[in-house]
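> Following is a predicted model, sequence given first.
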Amino acid sequence: MLSSGSLFVAVLAVFYVFSDLRYGTAREGGEDMSLVFEVRERIHSDYVDQVDSLRVIDAGIDGMLDVLSEDDALSLEQDWEADRPGDSAQRQRLIEAFKLLELSLGETVSPDSLVRGSIWGMLAALDPHSSYLGPSDYEDMVERFRGDFEGIGIYFEVRDGRLLVIAPIFGSPSHGKLRAGDHIAEIEGVSTLGISDEEVMDKLRGARGSLVRVGVARQGREGLLHYEIRRDRVTIRSVPYAYMLTPDVGYVRMVRFGETTADELDEALNALRDQGMRSLVLDLRDNGGGLLDQAVEVADFFLDAGQLIVYTEGREGNREEYRARKGLGAPLPLVVLINRGSASASEIVAGAVQDLDMGLVAGETSFGKGLVQGQFPLRRNGGLLLLTVARYYTPLGRLIQRPYTDDVHAYYEEGIKGVDPNSVDSLHVGKSVFYTALGRRVYGGGGITPDVMLPAEEYSDFTVELLSQGYLADFCGYWVGMHSDWPAAFSDYLSGYEVDGKTVQAWEDFVLDKVPTTGDSTLAAHRTFIRDQLKAGFARVLWGEEEYYRVYLQTDKQLEAALAHMAKAAELVARRY
């Protein structure tokens with residue numbers, strides 16, 4: 001990549017050629033660059049911190065250079081840091097750089113690519129979470145937060161050019177017709193071999209009430225099964241799983257914070273109370289967050305009225321507080337499960353519960369995403385600017401956001417790997433200490449450090465390959481299709497079915513056919529893991545995603561450990577009330 005400084009000498013060399021360029025002038029750079037300048041103006045007016053204007057221009061030019069291929073890279077050298085132009089001259093630099101690249105590279109790089117590159121360059125120089133969405137991505141985001149779309153309703157994967165059903169979404173048009181492991185070989189009579197993810201969505205999504213014909217290859221059946229599926233509105237639930245783990249301990253799995261999350265939680269809690277729930281595990285693992293108002297409403301279920309849930313501080317130090325309103329009612333011993341994939345809204349909920357001694361937080365240190373993005377629709381193209389306008393703080397004043405640099409890739413990699421999750425000492429190194437009202441220590445410095453560290457399950461290279469290549473899913477579809485002697489009811493399957501030695505041997509033969517170099521010792525070392533995975537996988541094919549998850553959770557070591565700490569959560573309730 002070339003630096004923006006090295007580019008500008010060439011821009012100066014052609015300055016008089018482009019001397020008629022001005023911000024807003026059509027087809028001479030201004031019209032194409034108007035979106036860039038709209039973003040730049042918004043950065044200077046609304047970003048959480050004051051930003052050096054020349055740094056933003058530099059980053060915008062660097063962003064244009066980043067879209068070039070190695071063959072297109074320009075060799076330009078000059079140091080112009082000593083010169084600090086004014087605002088209009090800075091805008092002119094961007095326009096001139098844009099036109100130079102557009103004219104020099106011709107059709108190899110589109111003007112739209114240069115514009116998007118410039119915008120992303122500016123935003124990357126700010127923080128890891130400010131971002132830009134084009135019009136279609138904007139629509140996808142709205143759909144994602146709304147939690148529904150119109151289509152047939154499947155989780156799918158394109159593997160080796162084949163369209164495979166991971167699972168039908170419960171209650172969707174596909175539920176009861178398609179099943180996990182199916183290969184959708186045709187759509188409207190046309191082969192799907194080599195289809196892309198985007199093409200799948202284009203072909204299977206559509207207007208509510210419209211029909212789509214699919215041809216399905218299923219293990220154990222000759223030829224293709226043909227289905228006509230009527231598209232409908234498909235709901236993606238924020239709380240897909242809620243049930244009793246024991247006669248008095250409820251479990252709620254929350255996967256995101258969308259528009260309906262609090263309503264879904266209310267429904268789940270009421271149902272669990274009717275079943276005798278007296279304590280709760282709230283599972284926020286791998287929940288990357290979502291809407292702030294939903295985080296506040298979720299936390300409100302577990303706090304007393306008036307308690308501070310979270311506050312933000314923005315530009316000029318202005319503070320906005322969010323407090324509980326409903327009132328807790330009967331105290332509920334609570335364990336909140338988090339891991340490195342828990343971020344943003346998940347951290348708001350976990351941080352509030354922990355700071356206010358309303359429950360025990362268990363698991364691994366969370367991601368540490370505490371920057372607040374304001375949404376700014378862009379008038380130039382209908383896209384959306386997500387710009388950081390404030391920072392989140394827990395009730396005790398802990399900054400949720402962890403440190404970051406300009407290296408975005410390193411930031412996300414560190415967020416996933418982080419400290420050694422199995423080393424208690426490493427959780428606290430370099431972290432500031434805060435004290436709750438009950439005198440418990442909690443730690444600042446980015447992310448939510450759990451009260452109880454629960455070791456993460458480590459997967460071997462072999463198990464990663466099995467899961468990533470889809471061998472387990474393929475075998476489960478094959479084995480269910482070849483047998484008919486399954487328990488009629490899922491409850492009987494859950495409590496009574498065990499994967500026998502014959503099935504394990506068939507699996508190992510299957511694996512050796514796929515990976516002939518697999519050694520006997522490797523197979524032997526993974527038999528317990530395989531039995532667990534096969535039982536869950538068979539349930540997915542036979543009944544669906546919810547039943548798969550119920551079986552999977554039976555072998556979840558972190559959840560098992562969290563249950564063992566429920567007594568400590570009950571002690572917190574006793575001390576508070």
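Nice, thanks for sending it over.
> Identify the residues contacting A345.
F257, N287, G289, G290, L291, L292, Q294, A295, V298 (C-beta atoms under 8 Å, 6 or more residues apart in numbering). Heads up, the C-betas are built off the backbone N, CA and C, glycines and all.
> change it to 10 Å
Shown in contact with A345 (C-beta atoms under 10 Å, 6 or more residues apart in numbering): 254, 256-258, 261, 284, 287-296, 298-299, 310, 369, 392.
> before we move on, what about Y471?
Residues in contact with Y471 (C-beta under 10 Å, 6+ apart) are E465, W507, F510, V511, D513, K514, V515.
> Spell out, range by range, the strands that occur in the stretch 1-150 of the chain.
Assigned by DSSP state E, counting those that start in this stretch, the strands in the stretch 1-150 of the chain fall at 131-133, 148-151.
> From the contacts of A345, which land in helices?
Among the contacts of A345, the members falling in helices are T261, L292, D293, Q294, A295, V296, V298, A299 (criterion: DSSP state H).
> Which entries within those meet the buried criterion?
Among the ones in helices among the contacts of A345, those classed as buried by 16 or more other C-beta atoms under 10 Å are T261, L292, Q294, A295, V296, V298, A299.
> now the residues you listed in a markdown table, with distance to H526 and pLDDT?
Shown next, in a markdown table, are these (distance: C-beta to C-beta, whole Å; pLDDT from 0 to 100):
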| residue | distance to H526 | pLDDT |
| --- | --- | --- |
| T261 | 37 | 96 |
| L292 | 43 | 93 |
| Q294 | 40 | 95 |
| A295 | 39 | 96 |
| V296 | 44 | 96 |
| V298 | 38 | 97 |
| A299 | 40 | 96 |
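> List the beta-bridge partners for L224.
When bridges are called by DSSP bridges, L224 pairs up with A217.
> these two touch, right, it and I187?
No: contact status for L224 versus I187: not in contact, 11.7 Å apart, counting by C-beta atoms under 10 Å.
> Can you name every helix or strand that the helix or strand that contains L572 contacts?
According to DSSP states H and E, L572 maps onto helix 566-576. Using 3 or more C-beta pairs under 10 Å, 6 or more residues apart in numbering; DSSP states H and E, the elements in contact with helix 566-576 are strand 279-283, strand 334-338, strand 360-363.
> Out of those, the one nearest M33 is which?
Nearest of the helices and strands packed on helix 566-576 to M33, taken as C-beta to C-beta: strand 334-338 at 43.2 Å.
> from the chain's centre, how far out does the longest helix seen in the chain sit?
Ordering each helix of the chain by length in residues (DSSP H) puts helix 87-105 first. A distance of 36 Å separates the centroid of the chain from that of helix 87-105, by C-alpha atoms, centre = their mean, to the nearest Å.
> ok, now stretch 115-127?
The answer for stretch 115-127 is 21 Å, by C-alpha atoms, centre = their mean.
> Please apply the same query to stretch 399-415.
Relative to the centre of its chain, stretch 399-415 is centred 16 Å away, using C-alpha atoms, centre = their mean.
> Check stretch 555-575 too.
Counting by C-alpha atoms, centre = their mean, stretch 555-575 comes out at 27 Å from the chain centroid.
> now swap in stretch 508-521 and tell me
Stretch 508-521 has its C-alpha centroid displaced from the chain centroid by 34 Å (C-alpha atoms, centre = their mean).
> Can you list the buried residues in that stretch?
Going by neighbour count (16+ other C-beta under 10 Å), the buried part of stretch 508-521 is E508, F510, V511, T518.
> Mind checking the pLDDT average for that stretch?
Throughout stretch 508-521, pLDDT has a mean value of 92.
> Likewise for stretch 52-70?
Throughout stretch 52-70, pLDDT has a mean value of 87.
> what's the angle from the helix holding L572 to strand 334-338?
Taking axes from the mean of the first three to the mean of the last three C-alpha atoms, to 10 degrees, one finds helix 566-576 and strand 334-338 inclined to each other by 130 degrees.
> Now helix 566-576: average pLDDT?
In this model, helix 566-576 has an average pLDDT of 93.
> tilt between it and strand 279-283?
Using the same axes, to 10 degrees: helix 566-576 against strand 279-283 is 110 degrees.
> Low-confidence bits of this structure, can you list those?
Residue ranges of the chain with pLDDT under 70: 1-31, 69-85, 106-107, 143-144, 147, 415-430.
> quick one, helices of the stretch 1-150 of the chain?
Here the stretch 1-150 of the chain has its helices, by DSSP state H, counting those that start in this stretch, at 4-13, 30-46, 53-66, 87-105, 111-124, 135-146.
> With the stretch 151-300 of the chain instead?
Using DSSP H, counting those that start in this stretch, helices in the stretch 151-300 of the chain cover 197-204, 261-274, 292-300.
> other SSEs contacting the shortest one?
Helices and strands touching helix 197-204, as assessed by 3+ C-beta pairs under 10 Å, 6+ apart, comprise strand 148-151, strand 154-159, strand 162-168, strand 183-187, strand 211-217.
> The shortest one pairs with which strands, parallel or anti?
Taking DSSP bridges as the criterion, strand 148-151 forms sheet pairs with strand 232-235 (antiparallel).
> what's the partner strand in contact with?
Residues outside strand 232-235 that contact it (C-beta under 10 Å, 6+ apart): 146-154, 168-175, 205, 208-210, 260, 264.
> at 8 Å instead, please
Strand 232-235 is contacted from outside by 147-153, 169, 171-173, 208-209, using C-beta under 8 Å, 6+ apart.
> Kindly report the same for stretch 185-203.
151, 156, 158, 161-163, 184, 204, 212-217, 224.
> Let me know the closest of these to S279.
Taking C-beta to C-beta as the measure, S279 lies nearest F156 of the contacts of stretch 185-203, at 37.3 Å.
> D509 and Q219: what is the separation?
For D509, the distance to Q219 (C-beta to C-beta, to the nearest Å) stands at 16 Å.
> from the helices of the stretch 151-300 of the chain, which stretch is densest packed?
helix 292-300 (a mean of 23; mean count of other C-beta atoms under 10 Å).
> Please name every helix or strand in contact with that one.
Other elements packing on helix 292-300 under the criterion 3 or more C-beta pairs under 8 Å, 6 or more residues apart in numbering; DSSP states H and E are helix 261-274, strand 308-314, helix 345-355.
> redo that, cut-off 6 Å
For helix 292-300, the packing partners by 3 or more C-beta pairs under 6 Å, 6 or more residues apart in numbering; DSSP states H and E come out as helix 261-274, helix 345-355.
> okay, those in TSV with distance to D474 next?
Formatted as TSV, the helices and strands packed on helix 292-300 follow (distance: least, C-beta to C-beta, whole Å):
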stretch	distance to D474
helix 261-274	33
helix 345-355	33
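> Quick one, which of these gets closest to D49.
helix 345-355 (21.0 Å).
> can you give me the offset of the closest one from its chain's centre?
18 Å.
> same thing with stretch 169-184?
Computed by C-alpha atoms, centre = their mean, the chain-centroid distance of stretch 169-184 equals 24 Å.
> buried ones in the helix or strand encompassing L494?
If you go by DSSP H and E, L494 is part of helix 490-496. Residues of helix 490-496 classed as buried by neighbour count (16+ other C-beta under 10 Å): F490, Y493, L494.
> ok, then the element right after it?
helix 501-514.
> could you dump that following helix to CSV, C-alpha only?
Only the C-alpha atoms of helix 501-514 are listed here, as CSV (Å, rounded to 0.1, in the frame of the first residue of the first chain):
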residue,chain,number,x,y,z
GLY,A,501,-20.8,-49.3,19.3
LYS,A,502,-22.1,-50.3,15.9
THR,A,503,-23.0,-46.7,15.1
VAL,A,504,-19.6,-45.5,16.2
GLN,A,505,-17.9,-48.1,14.1
ALA,A,506,-19.9,-47.0,11.0
TRP,A,507,-18.9,-43.4,11.8
GLU,A,508,-15.2,-44.3,11.9
ASP,A,509,-15.5,-46.2,8.6
PHE,A,510,-17.1,-43.1,7.2
VAL,A,511,-14.3,-40.9,8.4
LEU,A,512,-11.6,-43.2,7.2
ASP,A,513,-13.2,-43.0,3.7
LYS,A,514,-13.1,-39.2,3.9
